[in-house]
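Peer 1: how would this look folded up:
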Amino acid sequence: MPVLDGYAAFQKLKAFGYNKPIIALTANALVEEKERAFQLGFSDYLTKPVNRQALVSAIADAVL
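Peer 2: Purely as a prediction, here's the structure:
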């Protein structure tokens, strides 16, 4: 993202009190990045190219 990366955007949302699920979506499929996302509090972690079924499943899991 041009101004904020996903982690910074996540932290800003949390700082403003946003408490809904947030799913990380990245082209970086490293295990360390997935671990970092979950440590920060992301609801789920998906990689590009996006698998539609995985996305729908992650959204369904996040809202239930």
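Peer 1: In the chain, what residue spans correspond to strands?
Peer 2: Assigned by DSSP state E, the strands in the chain fall at 23-26, 44-47.
Peer 1: Name the strands paired with the first one and say parallel or antiparallel.
Peer 2: When you say that, I think you mean strand 23-26. Here strand 23-26 is paired, per DSSP bridges, with strand 44-47 (parallel).
Peer 1: And Y18, how close does it get to L30?
Peer 2: Noted for Y18: a distance of 26 Å to L30, by C-beta to C-beta, to the nearest Å. For glycine as for every other residue, the C-beta is placed from the backbone atoms N, C-alpha and C.
Peer 1: Tell me, how many residues neighbour the closest residue to L4 other than its chain neighbours?
Peer 2: In space, and not counting its chain neighbours, L4 is closest to K12: 6.9 Å by C-beta to C-beta, 6 or more residues apart in numbering. By the measure other C-beta atoms under 10 Å, the count of residues near K12 is 11.
Peer 1: Find the residue at the geometric middle of this structure.
Peer 2: A24 (1.6 Å; C-alpha atoms, centre = their mean).
Peer 1: my read: it touches D44, true?
Peer 2: Yes - counting by C-beta atoms under 8 Å, A24 touches D44, with 7.1 Å between them.
Peer 1: pLDDT on the helix ranked longest in the chain, on average?
Peer 2: Ranked by residue count and defined by DSSP state H, the top helix of the chain is helix 52-63. Mean pLDDT, computed over helix 52-63, is 94.
Peer 1: Just the CA atoms of it, as CSV, please.
Peer 2: Taking Å, rounded to 0.1, in the frame of the first residue of the first chain, the C-alpha atoms of helix 52-63 are listed here in CSV:
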residue,chain,number,x,y,z
ARG,A,52,-12.1,-17.9,-3.5
GLN,A,53,-13.2,-20.8,-1.4
ALA,A,54,-10.5,-20.0,1.2
LEU,A,55,-11.5,-16.4,1.3
VAL,A,56,-15.2,-17.2,1.7
SER,A,57,-14.3,-19.7,4.4
ALA,A,58,-12.1,-17.2,6.3
ILE,A,59,-14.8,-14.6,6.2
ALA,A,60,-17.5,-17.0,7.4
ASP,A,61,-15.2,-18.2,10.2
ALA,A,62,-14.4,-14.6,11.2
VAL,A,63,-18.1,-13.5,11.6
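Peer 1: Please consider this matter closed, and thank you.
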